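Enquirer: task: produce atomic coordinates for the following.
(one chain, ligands or ions: 1)
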Amino acid sequence: MTDRLPGFNTLAIHAGAAPDAATGARATPIYQTTSFVFDDVDHAASLFGLQAFGNIYTRITNPTNAVLEERIAALEGGTAALAVASGHAAEFLTLHALMQPGDEFVASNKLYGGSINQFSHSYKNFGWTVVWADNDDPASFEAAITPRTKAIFCESIANPGGVITDLAALSQVAKKHNIPLIVDNTMATPYLIRPFEHGADIVVHSATKFLGGHGNSIGGLIVDGGSFQWAGDARYPMMSQPRPEYSGMVLAETFGNFGFAIACRVLGLRDLGPALSPFNAFLILTGIETLPLRMQRHSDNALVVALHLSQHPAVSWVSYPGLETDRYHALAQRYTPNGAGAVFTFGLKGGYEAGVKLVSNLQLFSHLANIGDTRSLIIHPASTTHRQLTDAQKTAAGAGPEVVRLSIGLEDPADLIDDLDTALRA
Ligand SMILES: *Cc1c(COP(=O)(O)O)cnc(C)c1O
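Expert: Prediction:
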């Protein structure tokens, strides 16, 4: 081969992986071990002092997880990544590296319901304050920024579906105020949107969804874009100040454009502990090998089902940016030209009652709280994922009483339409 840069499909299969040096195993082995033997005392000392890269203990690094980290960094176009136990752990460790007690961050109001809970309630215990902004109005993010604001957080394709975020506009706001833009890229995956190309500084994932893709493992990823200048910036002491944990080392100086990923690992993951099981890393890696094929099929199927529902007499509206009539269609063409993803919402003329009835009458669709499975999934957010929110928050998050959310799988779309039509008649 020449030294041309490999394409996305090739990276999805090969990035970070090589035949196992010890055994020749072609698939990435599951290094199911807690700890690793040191060569000698000096080797141990250099590992603990961060003078050498290597494995000590699976809470901090593991060779199976390392392949997953390299792969997602390559697919997103970042400098380094960190695999963690869940998407929520990825969000938490990211903010932990940025925030001090008393600090604030500005978040989009169109987020996964669990993120809204995490940000509004649990983060209060750390003295972190979330300030909400309108996902469709970049000026509202700017208006929410104060001297204590440490980051902007949004989703690329936003929950509960059908919303495309103007990442470049939010990046402009972040850059103007010299704070990082964090993008949760779970719903899009790097196959549909690569947020670093639109000015994001940090990408987080729930690998539980489309990256793993088969509904069998919880996992999360943090990707460092390498773009933010932490060095010398006293607002971000985890990266920019001498660390007592490592004899005064300054992570942004020692590790340069992947200092943030290192801080998440050697301060956040080491001390707070949400490590990913190597077995789950293996399953997520296997899922990523077919990510480009699956995301294209998910998007193609979703468009067929969305078009059908948009003409159905029991349906009042469909919110899918792939539809030409959709308010986000122009943003979708700009940010996600290959397809608008698998997840979208629609409204039932019969309201809350009709939503509860529909989820009970479907056979092929599974009624559950997940997205990004090979199987098609349905949920009525108002009675499930978003029920903890106030009515105003529900509506702001696009999860009003008549709203149903679908995550379209890889089945034959004609069978999905048949299942929906039968249940809607009942
Ligand atoms: C599911 C999800 C999360 C949380 O991820 P877990 O792996 O369930 O912890 C965060 N963000 C988005 C967009 C999600 O869909």
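
Enquirer: so what pLDDT did the closest residue to the ligand within the chain get?
Expert: In the chain, the residue found nearest to the ligand is G87; the distance is 2.2 Å by C-beta to the nearest ligand atom. In short, each C-beta sits where N, CA and C put it, glycine included. At G87, the predicted lDDT confidence score is 98.

Enquirer: isn't it up against T186?
Expert: Yes: G87 lies in contact with T186 (C-beta atoms under 8 Å); the separation is 6.3 Å.

Enquirer: returning to what we had before: ok, the residue of the chain closest to the ligand - contacts?
Expert: Contact analysis of G87 by C-beta atoms under 8 Å, 6 or more residues apart in numbering lists 112, 184, 186, 204-209, 218-220.

Enquirer: what ranges do the helices span in the stretch 101-250 of the chain?
Expert: Along the stretch 101-250 of the chain, the segments classed as helices by DSSP state H, counting those that start in this stretch run 113-120, 138-144, 167-176, 189-192, 237-240.

Enquirer: who touches D233 in this structure?
Expert: Listed by C-beta under 8 Å, 6+ apart, the contact partners of D233 are 178, 239-240.

Enquirer: how about 7 Å then?
Expert: Shown in contact with D233 (C-beta atoms under 7 Å, 6 or more residues apart in numbering): S240.

Enquirer: ok, now A234?
Expert: With contacts taken as C-beta under 7 Å, 6+ apart, A234 has the following neighbours: 240-241.

Enquirer: equivalent analysis for Q296, please.
Expert: Taking C-beta under 7 Å, 6+ apart as the criterion, Q296 is in contact with 338-339.

Enquirer: for E289, same thing?
Expert: The contact partners of E289, taken as C-beta under 7 Å, 6+ apart, are 12-13.

Enquirer: which of the contacts of G87 are close to the ligand?
Expert: Among those, proximity to the ligand is found for 112, 184, 186, 206, 208-209, 218, 220 (C-beta under 6 Å from any ligand atom).

Enquirer: only the buried subset of those, as a ChimeraX command please.
Expert: Buried members of these, identified by 16 or more other C-beta atoms under 10 Å, are gathered into one ChimeraX selection as follows:
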select :112,184,186,206,208,209,218,220
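
Enquirer: picking up where we left off before, which residues do G87 and T186 both contact?
Expert: Contact criterion C-beta under 7 Å, 6+ apart; residues bridging G87 and T186 by contacting each: 205-206.

Enquirer: K394: which element?
Expert: K394 belongs to helix 391-396 when elements are defined using DSSP states H and E.

Enquirer: pull out the buried positions in that helix.
Expert: Residues of helix 391-396 classed as buried by neighbour count (16+ other C-beta under 10 Å): 393-394, 396.

Enquirer: so which residues on the chain come close to the ligand?
Expert: Remark: the part of the chain in contact with the ligand comprises 86-88, 112, 114-115, 155, 159, 184, 186-187, 206, 208-209, 218, 220, 371, using C-beta under 6 Å from any ligand atom.

Enquirer: ok, 5 Å please
Expert: For the chain, the contact set with the ligand under C-beta under 5 Å from any ligand atom comprises 86-88, 112, 184, 186, 206, 208.

Enquirer: of the ones next to the ligand among the contacts of G87, just say which sits nearest to D412.
Expert: For those, the minimum distance to D412 (C-beta to C-beta) is 21.9 Å, reached by K209.

Enquirer: next up, the contacts around the nearest residue to that closest one once chain neighbours are set aside.
Expert: With C-beta to C-beta, 6 or more residues apart in numbering as the measure, G372 is the residue that lies nearest to K209, at 3.1 Å, once sequence neighbours are left out. Shown here is G372, whose contacts under the criterion C-beta under 7 Å, 6+ apart are 209-210, 213, 342, 407.

Enquirer: next one, pLDDT for P401 please.
Expert: P401 is assigned a predicted lDDT (pLDDT) of 89.

Enquirer: wait, is it part of a strand?
Expert: No: note on P401: no strand contains this position according to DSSP: H, G, I helix; E, B strand; the rest coil, which reports coil.

Enquirer: how far does stretch 190-199 stretch from start to finish?
Expert: The first residue of stretch 190-199 is 14 Å away from its last residue (C-alpha to C-alpha, to the nearest Å).

Enquirer: give me the contact list for it.
Expert: 8, 75-78, 156-157, 167-168, 171, 175, 181, 183, 185, 203, 225, 291-292, 295, 335-336, 338-339, 341.

Enquirer: tell me the buried residues in the helix ranked longest in the chain?
Expert: In the chain, taking DSSP state H as the definition, the longest helix is helix 291-310. Within helix 291-310, the residues scored as buried using 16+ other C-beta under 10 Å are 291-292, 294-295, 297-310.

Enquirer: if you average pLDDT over that helix, what comes out?
Expert: The average pLDDT for helix 291-310 rounds to 98.

Enquirer: ok now that helix, how far from the chain's centre?
Expert: 20 Å (C-alpha atoms, centre = their mean, to the nearest Å).

Enquirer: which helix or strand lies directly C-terminal to it?
Expert: Counting by DSSP H and E, the element after helix 291-310 in chain order, helix or strand, is strand 315-319.

Enquirer: helices and strands around that next one, which ones?
Expert: Under the contact definition 3 or more C-beta pairs under 7 Å, 6 or more residues apart in numbering; DSSP states H and E, strand 315-319 sits against helix 291-310, strand 343-348.

Enquirer: right, I'll call it a day here.
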